[in-house]
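Student: here is my input; please provide its structure:
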Amino acid sequence: MVFTPPLPLALTSPDLGYSGAFSTATSQESVTSKPVDIAILGVGRWGSHLLRNFAHHPQANVVAVVDPCAERLRVAASEYPRDQVLFTQDWAEAMQLPGLGGVAIATPAATHYDLIRAALRQGLHVMAEKPLTLNVAEALELCHLATQQQRQLVVDHTYLFHPAVRRGKAVISRAGTLRYGYATRTHLGPVRNDVDALWDLAVHDIAIFNHWLDEVPLQVQAQGKVWLQTRTDAPLANRLSDLVWVKLLYPSGFQASIHLCWSNPDKQRRLCVVGSEGTLVFDELLPEAPLTLLQGKLAQSQQHFSPIDQQRHVFSLDHAEPLAQLCDHFLKCVQLNQPSTISSGWLGAELVQILSALTHSLHQDGQPINLDLQEARY
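Tutor: The predicted model follows:
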């Protein structure tokens with residue numbers, strides 16, 4: 001079965017050079033503009049981190065905080081007491097503020113399309129939490145709208161700004177010819193009721209694999225299990241899988257498998273790429289050594305194979321919060337009015353297409369789905 005997006009995508013190749021927290025711009029990206037007036041839409045678990053970063057950034061001026069929950073607004077107002085900040089439950093009111101330059105959206109995924117479309121039509125730049133949307137056509141529409149409005153749409157794929165991921169891109173060739181990969185992303189909550197574990201978790205590892213390989217999958221498979229939200233009256237498409245197994249096949253022949261679960265007390269955040277000369281390991285839960293290269297290979301002697309050249313190399317990394325780097329990047333995109341070369345709306349739409357194809361496979365008990373994304377990146 002072939003999954004074909006309604007329109008081809010056009011992406012630029014990412015340039016993921018990295019520097020420290022709130023990094024100093026290069027000469028090409030130097031900015032002298034006044035701070036950007038920002039509205040934060042949603043101050044729940046993730047939105048509160050966005051508020052913290054923008055509130056402390058010298059090139060941002062938070063002028064509005066929006067959330068439907070009065071208690072969240074009260075907490076935000078107590079932590080960031082500023083006379084000129086509007087705290088409101090009405091997102092339309094915030095978007096009407098004079099001088100507003102952009103919005104940062106951290107609301108349920110099902111609300112993204114309406115909020116992003118409204119912001120772009122208002123002439124605002126947008127940074128949106130992943131996934132961009134839950135619908136391929138809507139994601140593409142928003143990308144085209146941002147282009148038409150000459151406004152920047154950046155998607156919060158935070159791991160693309162992680163020092164280990166960015167360094168991994170630079171050193172992955174040391175693993176030799178890349179053969180296969182695997183990732184595990186498990187924890188005990190939080191459990192979402194707007195998307196399943198696939199849409200909540202898989203996008204991180206898929207984005208990293210795609211970035212390190214500089215490829216997108218040509219075939220995907222997914223199988224899952226529902227335990228917690230098991231409404232028997234709901235159609236299969238509306239049941240939220242707690243466990244999902246993902247398989248990705250890339251044009252080069254590289255294969256990746258991903259284990260996702262939000263009801264597993266064995267918390268893991270580990271991604272590996274195996275090559276002919278070694279394995280590059282990104283383990284987020286090892287703060288002293290999150291990125292390592294385990295080198296080694298097999299040498300043949302007559303009918304036997306023996307391991308040789310085994311060693312472990314730990315890479316040094318910059319100390320910087322990935323989300324802080326993302327916020328800094330978004331502000332530069334706004335001030336220069338230039339598209340993101342790291343996590344643009346187009347890249348977000350590409351990942352929505354991959355997740356949508358995986359959902360088709362999930363609902364057909366793991367049937368392989370072929371992707372027609374050959375024009376997506378170039």
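
Student: list the contacts of residue 132.
Tutor: Residue 132 makes contact with 112, 116, 139, 142, 155, 345, 348-349, 351-352, according to CB atoms under 8 Å, 6 or more residues apart in numbering. Backbone N, C-alpha and C define where each C-beta goes, glycine included.

Student: one more time with 10 Å
Tutor: The contact partners of residue 132, taken as CB atoms under 10 Å, 6 or more residues apart in numbering, are 109, 112-113, 116, 126, 138-140, 142-143, 153, 155-157, 203, 344-352.

Student: so where does it fall, helix or strand?
Tutor: For residue 132, there is no helix or strand it lies in under DSSP states H and E.

Student: if we can go back for a sec, out of the contacts of residue 132, which sit inside strands?
Tutor: Cross-referencing the contacts of residue 132 against strands under DSSP state E gives 126, 153, 155-156.

Student: return the closest of those with respect to residue 221.
Tutor: Taking CB to CB as the measure, residue 221 lies nearest residue 155 of the ones in strands among the contacts of residue 132, at 24.6 Å.

Student: that closest one against residue 333, yeah?
Tutor: No: under the criterion of CB atoms under 10 Å, residue 155 makes no contact with residue 333, lying 11.6 Å away.

Student: joint contacts of the two?
Tutor: Counting by CB under 10 Å, 6+ apart, the contacts common to residue 155 and residue 333 are 127, 340, 342-344.

Student: which strands and helices sit next to the host helix or strand of residue 264?
Tutor: Using DSSP H and E, residue 264 sits within strand 263-275. Counting by 3 or more CB pairs under 10 Å, 6 or more residues apart in numbering; DSSP states H and E, the packing neighbours recorded for strand 263-275 are helix 163-171, strand 178-188, helix 203-213, strand 255-261, strand 278-283, strand 291-301.

Student: among the ones you listed, which is nearest residue 321?
Tutor: Nearest to residue 321 among these is helix 163-171; the distance by CB to CB comes to 9.6 Å.

Student: tell me what that closest one is packed against?
Tutor: Packing partners of helix 163-171 (3+ CB pairs under 10 Å, 6+ apart): helix 203-213, strand 263-275, strand 278-283, strand 291-301, helix 322-336.

Student: go through the strand holding residue 264 and flag the buried ones.
Tutor: Within strand 263-275, the residues that qualify as buried by neighbour count (16 or more other CB atoms under 10 Å) are 264, 268-275.

Student: ok, stretch 88-101 next?
Tutor: Residues 88, 91, 94-95, 100-101 are the ones in stretch 88-101 that count as buried (16+ other CB under 10 Å).

Student: quick one: terminal-to-terminal distance for it?
Tutor: 18 Å (CA to CA, to the nearest Å).

Student: that one: how far from the chain's middle?
Tutor: Chain-centre distance of stretch 88-101: 26 Å, with CA atoms, centre = their mean, to the nearest Å.

Student: what mean pLDDT does it have?
Tutor: The pLDDT scores in stretch 88-101 average 97.

Student: pretty sure residue 125 sits against residue 60.
Tutor: No: using CB under 10 Å, residue 125 is not in contact with residue 60, being 11.8 Å away.

Student: from residue 298, how far off is residue 309?
Tutor: From residue 309 over to residue 298 the distance is 10 Å, taken as CB to CB, to the nearest Å.

Student: with residue 199 instead?
Tutor: For residue 199 relative to residue 298 (CB to CB), the value is 39 Å.

Student: between these two, which one's more packed in?
Tutor: The residue with more neighbours, out of residue 199 and residue 298, is residue 199; 23 against 11, by other CB atoms under 10 Å.

Student: residues contacting the more buried one?
Tutor: 109, 130-131, 134, 192, 240-241, 244, 260, 352, 355-356, 358-359.

Student: and if we set it to 8 Å?
Tutor: Here residue 199 is in contact with 109, 131, 134, 355, 359 (CB under 8 Å, 6+ apart).

Student: with residue 190 instead?
Tutor: By CB under 8 Å, 6+ apart, residue 190 lies in contact with 45, 262.

Student: can you read off the pLDDT for it?
Tutor: With respect to pLDDT, residue 190 has a value of 92.

Student: one more: the one 10 residues further on?
Tutor: Taken from the predicted model, the pLDDT recorded for residue 200 is 92.

Student: separation between it and residue 187?
Tutor: Distance from residue 200 to residue 187, counting by CB to CB: 11 Å.

Student: and residue 275, by the same measure?
Tutor: Distance, residue 275 to residue 187, using CB to CB: 28 Å.

Student: got TSV for the buried residues of stretch 88-101, with distance to residue 40 and secondary structure too?
Tutor: Shown next, in TSV, are the buried residues of stretch 88-101 (distance: CB to CB, whole Å; DSSP: H, G, I helix; E, B strand; the rest coil):
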residue	distance to residue 40	secondary structure
88	11	strand
91	10	helix
94	9	helix
95	12	helix
100	12	coil
101	13	coil
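
Student: how about the most centrally placed residue in the chain, phi and psi?
Tutor: Centroid-nearest residue in the chain, with CA atoms, centre = their mean: residue 157, separated by 2.3 Å. Main-chain torsions, residue 157, degrees, to the nearest 10: phi -90, psi 80.
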